[in-house]
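K.L.:
here is my input; please provide its structure:
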Amino acid sequence: MVLVNAQASESGIIEQGELDDTKETQTEDQYAQEYECSFEAAILGAYFAKLIGKAREEERITSVPYDPAVPVWTAWDLGFRDATAIWFAQVAGKEIHIIDYYEASGVGLDHYVRELRSKPYVYARHILPPDAEAHELSLGKSRVEVLSSLGLFDQTILPKQDFLDGINAGRLLLPKCWFDAKKTERGVEALTLYRSQTDDRSVDPITKQPILKKGEVHDWTSHAGAAFRYLAQGIDDKGFYSKFYKPIEYPKRGIV
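P.N.:
So this is what the prediction gives:
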């Protein structure tokens, strides 16, 4: 029996004993999807959906204004031929305030630098992915060098990490996060749908669903998801996790 727009545990339509018996034969996600009308549980392999749902329950997706007294960190996923995604965050005690999100595609790095400058934010550092140091054949420069030439300094390159380490870092960070509902709407939706790949040829004997594989489904959600992983690996309530980042050393030209 499936209830629409109502939680079985609160409606009283199904006796608690029957619900308890059902829990014994279904996974947590299957039960939440069928009897508690959980949208997040319905997303197979979702990495952050439950934590985003928790943030909604706790009303941490709300109006989160920019505090001019606190510098803003940015975390980027740099697309080659597809979208580039950027999260904007402020550290407020033990809370992380996600005040903005920006995404675009089909434009050069100069577009993103102009976009950052158009905002009223005072920036701390810009967290970039490991591949930012890779040279583009068309330019003969790395994207770090291009961003520097455009005047975007204070960059931090994350060293290459295991994908699941980034997922776990994101899961640890999310309970501390407050999201501005309006400015981060697309980013939050992407985090909700950000999910793992599946092996459609193999089925889990318990859930009867395809086996999950390590990695991400590369679609419109993966840019926001990757950028959030980089944010989680680069920032905490004290600033940076020292084991995760590698600061950029700029040449001291003209300095005696």
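K.L.:
which stretches of this protein form helices?
P.N.:
Applying DSSP state H to the chain gives helices spanning 8-11, 16-25, 28-35, 49-57, 109-118, 143-149, 163-173, 185-193, 220-234.
K.L.:
can I get these in a markdown table with distance to Glu95, mean neighbour count and mean pLDDT?
P.N.:
For every residue, glycine as well, the C-beta is placed using N, CA and C. Shown next, in a markdown table, are these (distance: least, Cβ to Cβ, whole Å; neighbours: other Cβ atoms under 10 Å; pLDDT from 0 to 100):
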| stretch | distance to Glu95 | mean neighbour count | mean pLDDT |
| --- | --- | --- | --- |
| helix 8-11 | 30 | 13 | 44 |
| helix 16-25 | 34 | 11 | 48 |
| helix 28-35 | 27 | 18 | 41 |
| helix 49-57 | 12 | 18 | 96 |
| helix 109-118 | 23 | 14 | 96 |
| helix 143-149 | 29 | 18 | 91 |
| helix 163-173 | 11 | 17 | 95 |
| helix 185-193 | 16 | 21 | 97 |
| helix 220-234 | 14 | 25 | 96 |
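K.L.:
is it possible to get CSV of those helices that adds distance to Arg125?
P.N.:
Formatted as CSV, these follow (distance: least, Cβ to Cβ, whole Å):
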stretch, distance to Arg125
helix 8-11, 45
helix 16-25, 46
helix 28-35, 37
helix 49-57, 25
helix 109-118, 12
helix 143-149, 12
helix 163-173, 16
helix 185-193, 19
helix 220-234, 8
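K.L.:
which one of those lies nearest to Ala75?
P.N.:
Using Cβ to Cβ as the measure, helix 220-234 is the one of those that comes nearest Ala75, at 3.4 Å.
K.L.:
related to what we said a few turns ago, out of the helices of the chain, which is closest to Pro130?
P.N.:
helix 220-234 (9.0 Å).
K.L.:
C-alpha coordinates for that closest one, PDB please?
P.N.:
The C-alpha trace of helix 220-234 is given here as PDB (Å, rounded to 0.1, in the frame of the first residue of the first chain):
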ATOM      1  CA  TRP A 220      24.200  18.600 -15.000                       C
ATOM      2  CA  THR A 221      24.400  17.700 -11.300                       C
ATOM      3  CA  SER A 222      28.000  16.600 -11.300                       C
ATOM      4  CA  HIS A 223      29.500  20.100 -11.600                       C
ATOM      5  CA  ALA A 224      27.800  21.300  -8.400                       C
ATOM      6  CA  GLY A 225      28.600  18.000  -6.700                       C
ATOM      7  CA  ALA A 226      32.200  18.100  -7.600                       C
ATOM      8  CA  ALA A 227      32.600  21.700  -6.600                       C
ATOM      9  CA  PHE A 228      31.000  20.900  -3.200                       C
ATOM     10  CA  ARG A 229      33.400  18.000  -2.700                       C
ATOM     11  CA  TYR A 230      36.300  20.500  -3.200                       C
ATOM     12  CA  LEU A 231      34.700  23.000  -0.800                       C
ATOM     13  CA  ALA A 232      34.400  20.200   1.800                       C
ATOM     14  CA  GLN A 233      38.000  19.200   1.300                       C
ATOM     15  CA  GLY A 234      39.300  22.700   1.500                       C
END
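K.L.:
re the thing from before, quick one: which of the helices of the chain is nearest Phe80?
P.N.:
Nearest of those (Cβ to Cβ): helix 143-149, 9.5 Å.
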